[in-house]
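Novice: just to be clear, the model below is a prediction. Sequence and coordinates:
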Amino acid sequence: MKHSRRYLANREGLDPVQVHSVSGALEILKGLRAAKFDETVEVHTRLGVDPKKSDQMVRGAVSLPHGLGKDVRVIAFAEGDMADAAREAGAIEVGSSDLADKIAGGWMAFDIVIAHPSMMRHVGKLGRVLGPSGKMPSPKSGTVTPNVGQAVSEFKAGKVEFRVDAAGNIHVPVGKISFSAEKLTENATAFIDYVAGLRPATAKGAYFRNVTVTTTMGPGLRVEVKH
């Protein structure tokens, strides 16, 4: 893979095997040569789980104390008062079978799907569309809930949904590089602590195999996790 001059310059002097504190790594990232846009800061984790086993599937949603620094596009499957609450909370689209038809027709201009439990008869038909993109709502991640308006508000404010992939990895955004190092550290730590609390009882050995922080266009830095 060919890297830009800026990436190569930023990577110079960085030890790829050195392990940093979360705050230390984020301070380093903030000190690197900036891109021409406000890069997203991401945390990548490799967990010691086997996602093929249902009791080791790690997924959930965590509220980041300082949000993501971007407008999160949330849609909601709801009717009546719940639909009104979703609109008031900022959902960009609200509906039921009509919204399902729109998505089935190819519309995917949204980030999060919230659904009232009664609407899963419509959402369930979209598994092949929403599943591969990680947008299928579920009770475990808080995206299937009777409190639709509240869920819309939380996700727009910076609640992050995640699930482990087939290789045991989780990738989540935790803010923008324009955030202070302190805010980024608090967001990253909130995510790591939350994932630590989801450790499956059947997982053996080290749970956090590797944790890295990086930016959209920058190098990754390994961080120490004490869990």
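Specialist: It's in. Numbering: from 1, shown residues only.

Novice: contacts only, for residue 139.
Specialist: By CB atoms under 8 Å, 6 or more residues apart in numbering, residue 139 lies in contact with 117, 145. C-beta coordinates here come from the backbone N, C-alpha and C atoms, glycine included.

Novice: can you offset everything so residue one is 867?
Specialist: Okay, using 867 as the starting number, the last item reads as residue 1005.

Novice: next, the buried residues of stretch 1009-1017.
Specialist: If you call a residue buried by 16 or more other CB atoms under 10 Å, then stretch 1009-1017 has these buried ones: 1009-1011, 1014-1015, 1017.

Novice: do stretch 911-919 as well
Specialist: 911-917.

Novice: wait, a helix at residue 1038?
Specialist: No - in this structure, residue 1038 is strand, not part of a helix, as judged by DSSP: H, G, I helix; E, B strand; the rest coil.

Novice: for it, give its distance to residue 1031.
Specialist: Computed as CB to CB, to the nearest Å, the residue 1038 to residue 1031 distance reads 12 Å.

Novice: compare the two (neighbour count), which wins?
Specialist: residue 1038 (19 against 11; other CB atoms under 10 Å).

Novice: how about the particular helix or strand that has residue 891 in it: buried residues?
Specialist: Element membership of residue 891 [criterion: DSSP states H and E] is helix 888-896. Using 16+ other CB under 10 Å as the test for burial, helix 888-896 gives 888-892, 894-896.

Novice: which is the next helix or strand following it?
Specialist: Next element after helix 888-896 (DSSP H and E): strand 906-913.

Novice: which parts of this structure are strands?
Specialist: 885-886, 906-913, 925-929, 940-943, 959-961, 978-981, 1025-1029, 1035-1042, 1074-1081, 1087-1089 (DSSP state E).

Novice: related to what we said a few turns ago, can I get the buried residues of stretch 1009-1017 in JSON lines with pLDDT and distance to residue 1000?
Specialist: Below are the buried residues of stretch 1009-1017 laid out as JSON lines (pLDDT from 0 to 100; distance: CB to CB, whole Å):
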{"residue": "1009", "pLDDT": "95", "distance to residue 1000": "11"}
{"residue": "1010", "pLDDT": "96", "distance to residue 1000": "15"}
{"residue": "1011", "pLDDT": "96", "distance to residue 1000": "18"}
{"residue": "1014", "pLDDT": "97", "distance to residue 1000": "20"}
{"residue": "1015", "pLDDT": "97", "distance to residue 1000": "23"}
{"residue": "1017", "pLDDT": "96", "distance to residue 1000": "17"}
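
Novice: check contacts around the nearest residue to residue 1009 once chain neighbours are set aside.
Specialist: Computed as CB to CB, 6 or more residues apart in numbering, the closest residue to residue 1009 that is not its neighbour in sequence is residue 1003, at 3.7 Å. Residues in contact with residue 1003 (CB under 8 Å, 6+ apart) are 943, 979-981, 989, 996, 1009-1010.

Novice: what do you get if the cut-off is 6 Å, keeping everything else the same?
Specialist: 979, 981, 1009-1010 (CB atoms under 6 Å, 6 or more residues apart in numbering).

Novice: of those residues, which is the nearest to residue 1051?
Specialist: residue 1009 (26.9 Å; CB to CB).

Novice: does the closest one really touch residue 977, like I thought?
Specialist: No - Residue 1009 is beyond contact range of residue 977, at 11.2 Å (criterion: CB atoms under 6 Å).

Novice: in this protein, which helix is the longest?
Specialist: Secondary structure assigned by DSSP state H gives helix 1047-1062 as the longest helix of the chain.

Novice: with just CA atoms, put it into PDB.
Specialist: Extracted C-alpha coordinates of helix 1047-1062, given in PDB (Å, rounded to 0.1, in the frame of the first residue of the first chain):
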ATOM      1  CA  ALA A1047      -6.400  15.400  24.200                       C
ATOM      2  CA  GLU A1048      -8.300  15.300  27.500                       C
ATOM      3  CA  LYS A1049     -11.700  14.900  25.800                       C
ATOM      4  CA  LEU A1050     -10.400  12.300  23.400                       C
ATOM      5  CA  THR A1051      -8.900  10.400  26.300                       C
ATOM      6  CA  GLU A1052     -12.200  10.400  28.200                       C
ATOM      7  CA  ASN A1053     -14.100   9.200  25.100                       C
ATOM      8  CA  ALA A1054     -11.600   6.400  24.400                       C
ATOM      9  CA  THR A1055     -11.400   5.300  28.000                       C
ATOM     10  CA  ALA A1056     -15.200   5.200  28.200                       C
ATOM     11  CA  PHE A1057     -15.300   2.900  25.200                       C
ATOM     12  CA  ILE A1058     -12.500   0.600  26.500                       C
ATOM     13  CA  ASP A1059     -14.000   0.400  30.000                       C
ATOM     14  CA  TYR A1060     -17.400  -0.500  28.500                       C
ATOM     15  CA  VAL A1061     -16.000  -3.200  26.300                       C
ATOM     16  CA  ALA A1062     -14.100  -4.600  29.300                       C
END
